[in-house]
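K.L.:
Here is a sequence with its predicted model. Questions after.
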Amino acid sequence: MKKALSILFIISTLLLIIGLISCKKEEVIDENAKMEDYIKSKDLLVDTIVDGIYIARQRIGTGELIKSGDYVTVAYKGELLNGKVFDQSSAFKFKFMTDRMIESWEKALVLLRENDNVVLISHSRYAYGDRQIGSIPANSPLVFEITISKVE
């Protein structure tokens with residue numbers, strides 16, 4: 001009897017784990033589909049894809065690529081896929097790769113230079129993941145319109 005209960009417990013645990021894994025896969029696929037739908041609806045020309053991060057260049061800048069330790073000033077607007085703005089700044093200055101920022105910015109900014117203007121679409125795993133932060137729901141892809149104003 002004990003052996004049968006142990007086997008039943010192991011089987012039910014495995015089924016639960018498999019169910020959770022398959023749900024995560026569906027969430028990832030669904031999130032990617034939503035991001036691609038957004039790109040199509042906005043008629044964006046995406047020229048760079050970095051592991052779940054889409055970059056649509058609106059204007060190509062000049063100068064060297066941004067590197068760790070550079071002081072970078074940007075104008076940006078952050079919004080959800082539904083267009084709800086959650087944050088914006090006309091002159092946000094930070095030390096790149098030293099000051100804390102979401103991973104999608106870290107991965108994308110190394111591809112940018114002064115005067116670049118881009119639309120960055122980020123999978124939630126490179127933003128806030130499964131955590132709700134302020135008005136940003138958990139598992140939300142994010143959209144950022146970013147202009148690199150200055151690199152020092």
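P.N.:
Received, thanks. Predicted, not measured: the structure shown is a model, and the values here were computed from it. Residues are numbered from 1 along each chain as shown.

K.L.:
Please report how far the most centrally placed residue in the chain lies from Asp37.
P.N.:
Centroid-nearest residue in the chain, with Cα atoms, centre = their mean: Ser122, separated by 2.5 Å. Using Cβ to Cβ, to the nearest Å, Ser122 is found at 15 Å from Asp37. C-beta: built from backbone N, CA, C; applies to glycine.

K.L.:
ok, now Glu79?
P.N.:
From Glu79 to Asp37 the distance is 15 Å (Cβ to Cβ).

K.L.:
cool, and Asp47?
P.N.:
19 Å.

K.L.:
go on, Val74?
P.N.:
For Val74 relative to Asp37 (Cβ to Cβ), the value is 27 Å.

K.L.:
Could you check which of these two has the larger neighbour count?
P.N.:
Higher neighbour count among Val74 and Asp37: Val74, with 22 against 11, using other Cβ atoms under 10 Å.

K.L.:
Just grab the bridge partners of the more buried one for me.
P.N.:
For Val74, the beta-bridge partners are Phe92, Ile148 (DSSP bridges).

K.L.:
Now do the contacts for it.
P.N.:
Val74 sits next to Ser89, Phe92, Ile146, Thr147, Ile148, Ser149 when contact means Cβ atoms under 8 Å, 6 or more residues apart in numbering.
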